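K.L.:
Here is the input, now give the coordinates:
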Amino acid sequence: MGLTTPVPLVLLCAVWLGGSIYLFIATRRRMKRYWERSCAGRAWLKEFPTAQSDDVRSFLVLFVGSFGFPRKRALQFAPNDRLLDIYRALYPLKNMPDALELETFAKRVEATYGLDLVRIWREDITLGEVFAKTTAAV
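P.N.:
Take a look at the predicted model:
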């Protein structure tokens, strides 16, 4: 008698693998507009001429870390990027479960800068607006 894997288990694994690959590709497509950008460092310094580039970089590293993006992607986000647009690129369906990225970002912003993101939240708030509030809070 040899060991055999039940067909339903093999089928379940194949469906899971296919679904994972599909979600990876679909997410990559939705994030394409951000990932194809060149460095947005100039846009940040133009928008915030008195800001130190290390402060901008630290803020963006905090942001990408909260969203689970690679650190190297930090400067691909611009000051006029809306937080909900980025979030919806990851989770296009309203009731889709998420990894609490916005909540994580809010907690990290409060811990790092003392800024309560929930108090200033608007659906159209941008990364630049949050950054401006963090510099005012410090």
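K.L.:
So which elements touch the host helix or strand of Ile86?
P.N.:
Applying DSSP states H and E as the criterion places Ile86 in helix 83-90. Using 3 or more C-beta pairs under 8 Å, 6 or more residues apart in numbering; DSSP states H and E, the elements in contact with helix 83-90 are helix 7-30, helix 32-35, helix 101-113. Every C-beta, even on glycine, is put in place using the N, C-alpha and C of the backbone.
K.L.:
Just name the shakiest helix or strand of this structure by mean pLDDT.
P.N.:
Lowest by mean pLDDT, DSSP states H and E among the helices and strands of the chain is helix 7-30, with a mean of 65.
K.L.:
helix, strand or coil for the nearest residue to Pro70 once chain neighbours are set aside?
P.N.:
Leaving aside its sequence neighbours, Pro70 sits nearest to Val64 (C-beta to C-beta, 6 or more residues apart in numbering; 7.0 Å). The three-state label for Val64, taken from DSSP: H, G, I helix; E, B strand; the rest coil, comes out as helix.
K.L.:
Surely Val64 is in contact with Asp81?
P.N.:
No. With contacts counted by C-beta atoms under 8 Å, Val64 stays clear of Asp81, the gap being 11.7 Å.
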